[in-house]
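Asks: requesting a structural model of the entry that follows:
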Amino acid sequence: MHKKLLNSIGTLESLRNLKQEELSLLTKELRTFIIEAVAAKAGHLGASLGVVELTIAIHYVFNTPKDELIWDVGHQAYGHKILTGRKDLFDTNRQKNGISGFPKRSESVFDSFGVGHSSTSISAALGMAVASKLKGDLKKQHIAVIGDASIASGMAFEGLNHAGVTNCNLLVILNDNAIGIDPSVGALKQYFTNVKKGTQKQDNIFEALNFDYSGPIDGHNLPLLISELNRLKNVNGPKFLHIITTKGKGLRQAEENQVTYHAPGKFDPKTGDLYNQIDSIQPPKFQDVFGYTIVELAHQNKNIIGITPAMPTGSSLKYMMEKIPERAFDVGIAEQHAVTFAAGLATQGMVPFCNIYSTFLQRAYDQVIHDVAIQSLPVIFCLDRAGLVGEDGATHHGVFDIAYLRCIPNLIIFAPRNEIELRNIMYTAQLGLKQPIAIRYPRGRGFNIEWKQPFSKIKIGKGYCLKKGTKTAILSIGSIAQNITKALELIEDTTLFSHFDMRFVKPLDLEMLHDIFKSHETIVTIEDSSIKGGFGSAIAEFSAEHNYTNKIITKGIPDTFIEHGTILELQQSLHLDPKSLSLFLKKMTD
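Replies: Modelled structure (predicted):
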């Protein structure tokens, strides 16, 4: 399809000058553009396809960017980016030095608020609306677009609860497609289903919160959307528009396989089919090692419970949900609840494995301290996507967990070097700990084809010597050890270097550390997490506490937010890839 109309839209003024009948052609062109762009470069697909009509309608009716538009999470904002001056840059989406896959304030005046984690849009939009009211600007509009999975989160309700007593110019648009990344869950989802069917007998929950409620309406009916938004523009106070959409709309496969086509990777833009994967035998993904291992352990231990906040596919808890559904829980986008729910289970002698992406556990920090650690409850936190995650960028890198967990008393922190270590620490943890443990592991594939070894118990707080040398001790934590091993293979003479996998950030292997500091001149710490407050800081603290005078060099993630790019590209820019590490170590010997 020749994208005549889309190419003619230089500014939103030219969009607003189109006739309504021309807009339906524009929806087709925009959908085709998104499909072709994601097919070529990968990214998030289904969410943006589902809101093409809504995106056009909002920009057609409202005076953006003066009127503030906030997309919750931002998976669905590709159409918005394309219409607001980034069409010609869109082939750089999620590429290093290219545009972000999420709305970002520093990228465009049209991106009113930076997002990446869910359920923040209502609070942010309300903040803007209150500011407008205080400035005396009563004409300015503030629009939050939130999905049915995101609105079930506690923070969204906190925003709604406050907004209902403000009389501010706020429009919340509920994009109801019954799916986030995985299908939506919970009582609120059932409520929306009943509203759609017309069988909901109870009063409207949003009207009870003092919102002017309208809907549900068809979110793919562009004329209806435009007339409804025009009407709502002139209604004062908090308003709520409930629209029904289909995630992946306009691409058959994306409509039929909504989980797969949330972020399908590269695919054939003409047919919509995914490219055939070459069936080579590869090491498993760390998430799958977790997923298969928890099922194996749960068959042996009837007290094991699996918990994930809305990430059954991403965390691979889906395997337990299929095999032992009564003991595996997707609690929806509710990280705080997930942690305290796990704490409650632990008080009753259950063994909860709470699987949360590292970047999302940040959202439940108080619960980790207050509900779990203070009470020494043996919750097993499995922190998937720890370290650099790649193209999702600054909002998703799991680089702060060591720093923010290390200061919490009663908490064990372990990072497996490989899949076998992940299995063994899961096995060890469920045998019965007297305190909580956090196990951090990376996104992507492991390193061992033969990973399914018999379980063996890991001694808490014990490190492991991978290589013995004479002068410089390299201390690492977790899977970054593989980069160090490869770096050492690139150096001819490695007799000066020792390499220790410390395994535990907390408790540290003090006996091993004393030996290391006494037998080596220089200590190099390497981690794929924040240097400030991280593993290297722990080693420096140990050194200071015991009055050692060894030279200490810390390598890891610097004190800056890391943008998007492939994991290798990001490691190269931070000098943490094998080649950069080998040059750094070689320089030390020279």
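
Asks: for the strand ranked longest in the chain, buried residues please.
Replies: In the chain, assigned by DSSP state E, the strand with the most residues is strand 522-530. Neighbour counts using 16 or more other CB atoms under 10 Å place 523-530 of strand 522-530 among the buried residues. Using the backbone N, CA and C atoms, a C-beta is placed for each residue, glycine as well.

Asks: can I get these in TSV including pLDDT?
Replies: What follows is the buried residues of strand 522-530, written out as TSV (pLDDT from 0 to 100):
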residue	pLDDT
I523	98
V524	98
T525	98
I526	98
E527	98
D528	97
S529	97
S530	98
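
Asks: need those in CSV with distance to T470, can you?
Replies: Shown next, in CSV, are the buried residues of strand 522-530 (distance: CB to CB, whole Å):
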residue, distance to T470
I523, 14
V524, 14
T525, 19
I526, 19
E527, 24
D528, 27
S529, 28
S530, 31
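
Asks: report all helices and strands that the helix or strand bottoming out on mean pLDDT in the chain contacts.
Replies: Lowest on mean pLDDT, DSSP states H and E among the helices and strands of the chain sits helix 187-197, with a mean of 85. The contact analysis (3 or more CB pairs under 8 Å, 6 or more residues apart in numbering; DSSP states H and E) places helix 187-197 against strand 239-244.

Asks: tell me the mean pLDDT over the next helix-or-strand element following the least confident helix or strand of the chain?
Replies: Sequence-wise, the next helix or strand downstream of helix 187-197 (DSSP states H and E) is helix 205-208. The average of the pLDDT scores along helix 205-208 is 90.

Asks: what of stretch 327-337?
Replies: Mean predicted lDDT for stretch 327-337 stands at 96.

Asks: ok, residues contacting that stretch?
Replies: With CB atoms under 8 Å, 6 or more residues apart in numbering as the contact definition, stretch 327-337 has outside contacts at 118-119, 149-150, 152-154, 180, 182, 184-186, 298, 304-312, 317, 320-321, 338, 341, 356, 360-361, 363-364, 366-367.

Asks: tell me what angle the least confident helix or strand of the chain forms with strand 239-244.
Replies: Between the axes of helix 187-197 and strand 239-244, defined by axes from the mean of the first three to the mean of the last three CA atoms, to 10 degrees, the angle is 80 degrees.

Asks: so what touches helix 187-197?
Replies: Under CB under 8 Å, 6+ apart, the answer for helix 187-197 is 148, 151-152, 176, 178, 200, 202, 204-205, 216, 242, 244.

Asks: tell me the most packed of the residues you listed, by neighbour count.
Replies: Within the contacts of helix 187-197, most neighbours by other CB atoms under 10 Å means I151, with 28 neighbours.

Asks: which one of the buried residues of strand 522-530 is nearest K555?
Replies: In terms of CB to CB, no member of these lies closer to K555 than I526, at 4.8 Å.

Asks: for the closest one, what are its contacts?
Replies: 474-476, 480, 483-484, 555-556, 576, 581.

Asks: among those residues, which ones are in strands?
Replies: Reading strands off these with DSSP E, I get 474-476, 555-556.

Asks: quick one on the thing from earlier: format the contacts of helix 187-197 as a markdown table; extra columns: distance to E228.
Replies: What follows is these, written out as a markdown table (distance: CB to CB, whole Å):
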| residue | distance to E228 |
| --- | --- |
| D148 | 18 |
| I151 | 19 |
| A152 | 24 |
| D176 | 15 |
| A178 | 21 |
| Q200 | 20 |
| Q202 | 24 |
| N204 | 17 |
| I205 | 20 |
| P216 | 11 |
| H242 | 10 |
| I244 | 13 |
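
Asks: between the two ends of stretch 506-526, how far is it?
Replies: Distance across stretch 506-526, first residue to last, is 16 Å (CA to CA, to the nearest Å).

Asks: cool, and stretch 170-188?
Replies: 22 Å.

Asks: where's it relative to the chain centroid, distance-wise?
Replies: 17 Å (CA atoms, centre = their mean, to the nearest Å).

Asks: counting by contacts, list what the one helix or strand M155 maps to packs against.
Replies: Under the criterion of DSSP H and E, M155 resides in helix 154-163. In terms of contacts (3+ CB pairs under 8 Å, 6+ apart), helix 154-163 is packed against helix 121-134, strand 170-176.

Asks: V372 should be in a strand, yeah?
Replies: No. Using DSSP: H, G, I helix; E, B strand; the rest coil, the assignment for V372 is helix, not a strand.

Asks: which residues touch it?
Replies: 339, 342-343, 346, 379, 436.

Asks: in helices, which of those appear?
Replies: Using DSSP state H, the subset of the contacts of V372 located in helices is 339, 342-343, 346.

Asks: using TSV, lay out the contacts of V372 together with neighbour count.
Replies: Below are the contacts of V372 laid out as TSV (neighbours: other CB atoms under 10 Å):
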residue	neighbour count
V339	30
A342	31
A343	23
A346	23
V379	32
P436	28
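
Asks: quick one: E29 and V145, what's the gap?
Replies: Taking CB to CB, to the nearest Å as the measure, E29 falls 21 Å from V145.

Asks: can you check K457 too?
Replies: Taken as CB to CB, the span from K457 to V145 is 50 Å.

Asks: and for K135?
Replies: On the measure of CB to CB, K135 and V145 end up 24 Å apart.

Asks: do K239 as well
Replies: Separation of K239 from V145 (CB to CB) stands at 13 Å.

Asks: neighbour-wise, which of the two wins?
Replies: The neighbour comparison of K239 against V145 (other CB under 10 Å) goes to V145, with 27 against 22.

Asks: can you pull up the bridge partners for the more buried one?
Replies: Counting by DSSP bridges, V145 is bridged to W71, I173.

Asks: ok, now which ones touch it?
Replies: Contacts of V145 (CB under 8 Å, 6+ apart): 51, 54, 58, 69-72, 76, 121, 173, 175.

Asks: tell me how many other residues surround E207.
Replies: E207 has 12 nearby residues by other CB under 10 Å.

Asks: chain neighbours aside, what residue packs nearest to it?
Replies: Y213 (4.9 Å; CB to CB, 6 or more residues apart in numbering).
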